[in-house]
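Engineer: Structure of the sequence below:
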Amino acid sequence: MKKMKIAAAAMMAASVLLGTVTVNAADTKGKILVIASGEDQMTLKNGSIMNVGFFLNEFAVPSQYLAGEGYEIVLATPEGKKPVMDASSNDKAFFNGSEERRASAKAFTDNLTPISFKEALAHLDDYKAIFIPGGHAPMTDLMQSEDLGKMLRTFHEKGKPTAMICHGPVAALSALPNAAAYRKDLVDGDFAKAQADSKDWIYNGYHMTVLSDGEEWPGELAKGTEMPFHVEQALQIAGGYMEEGALYQSHVVKDRELITGQNPASDIALAKALVSAIEGK
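Structural biologist: Here you go, the predicted model:
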């Protein structure tokens with residue numbers, strides 16, 4: 001059965017229109033809006049530039065699973081620009097060593113043509129859920145996107161499932177009244193001002209997870225870099241109750257409509273939790 005679902009997802013990926021993986025009208029269960037960054041670079045703490053993008057397995061594994069369950073995948077980026085993949089994620093190591101699964105994931109994401117956030121907002125009621133994959137890119141545009149903030153606030157008000165994985169949960173900060181100011185506070189290291197600017201966040205008091213500092217720091221040390229801020233701290237300052245699982249192990253937290261996954265290893269567990277939430281299981 002699992003192989004059949006994967007095969008079905010691969011077939012769906014071959015037929016793409018305006019970011020939608022089409023399915024038989026009689027079989028579709030509805031549309032899922034997948035949100036990706038439109039940026040491919042991020043300025044680090046020391047002023048240097050780091051190439052960023054979406055993390056392949058975090059994007060593809062949940063999306064393919066959702067497609068295999070009969071949902072239409074609609075990809076959206078801020079301006080409708082094709083999102084860039086983090087080259088370091090294009091590795092079979094993130095697919096249990098399977099080159100076939102890596103290639104399938106890459107083909108799936110390559111075949112998606114995004115719509116813009118404006119287009120997504122115009123038909124927001126059409127979507128059953130929102131899913132935001134990780135990679136460092138959401139730390140740039142997504143977390144301060146006014147359009148994304150509108151989408152998240154709407155889904156929050158209606159109690160509709162919203163799932164995010166790894167660095168993806170930082171995009172939840174776009175729902176702040178002034179998300180751009182909050183990001184600047186973090187970059188400036190002015191945490192007192194950040195706390196003041198986080199007032200009235202819709203996810204204040206929610207239990208959630210995100211890539212932990214313990215998982216971020218080794219990469220920084222290895223590359224001799226430092227992030228402009230840390231996502232775990234960014235969410236905690238705004239009022240999120242952070243729940244850390246074991247390092248590099250699957251860990252998913254669900255609180256009301258929000259579902260978050262800690263790291264790349266959480267990809268399939270997050271997808272299953274999202275389907276359960278959509279279907280009321």
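Engineer: Please count neighbours and contacts with C-alpha atoms only from this point.
Structural biologist: Fine.
Engineer: Residue 129 falls within a helix, correct?
Structural biologist: No - in this structure, residue 129 is strand, not part of a helix, as judged by DSSP: H, G, I helix; E, B strand; the rest coil.
Engineer: Might one say that it is in contact with residue 35?
Structural biologist: No - using Cα atoms under 8 Å as the test, residue 129 is too far from residue 35 to be in contact (10.7 Å).
Engineer: So if I had to pick from these two, which one is more boxed in?
Structural biologist: Neighbour count, other Cα atoms under 10 Å: between residue 129 and residue 35, residue 35 has more, with 29 against 23.
Engineer: which residues sit in contact with the more buried one?
Structural biologist: Counting by Cα atoms under 8 Å, 6 or more residues apart in numbering, residue 35 touches 75-77, 130-133.
Engineer: what's near enough to touch residue 58?
Structural biologist: Listed by Cα under 8 Å, 6+ apart, the contact partners of residue 58 are 133-134, 165-166, 264, 267.
Engineer: Among those, which lie within strands?
Structural biologist: residue 165 (DSSP state E).
Engineer: hmm, which of the contacts of residue 58 are the buried ones?
Structural biologist: Taking 16 or more other Cα atoms under 10 Å as the criterion, what is buried in these is 133-134, 165-166, 264, 267.
Engineer: Now render these as JSON lines, adding distance to residue 31 and pLDDT.
Structural biologist: Formatted as JSON lines, those follow (distance: Cα to Cα, whole Å; pLDDT from 0 to 100):
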{"residue": "133", "distance to residue 31": "16", "pLDDT": "98"}
{"residue": "134", "distance to residue 31": "20", "pLDDT": "98"}
{"residue": "165", "distance to residue 31": "19", "pLDDT": "98"}
{"residue": "166", "distance to residue 31": "23", "pLDDT": "98"}
{"residue": "264", "distance to residue 31": "24", "pLDDT": "98"}
{"residue": "267", "distance to residue 31": "19", "pLDDT": "98"}
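Engineer: Let's have the residues you listed in TSV, adding distance to residue 219.
Structural biologist: TSV is the format used below for the buried ones among the contacts of residue 58 (distance: Cα to Cα, whole Å):
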residue	distance to residue 219
133	19
134	15
165	18
166	14
264	14
267	20
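Engineer: List the residues that contact residue 177.
Structural biologist: With Cα under 8 Å, 6+ apart, residue 177 has these contacts: 198-201.
Engineer: what about the helices in the chain?
Structural biologist: Here the chain has its helices, by DSSP state H, at 2-13, 56-68, 99-110, 117-122, 146-158, 179-188, 191-197, 213-223, 231-238, 267-278.
Engineer: what packs against the shortest one?
Structural biologist: The contact analysis (3 or more Cα pairs under 8 Å, 6 or more residues apart in numbering; DSSP states H and E) places helix 117-122 against strand 71-77, helix 146-158.
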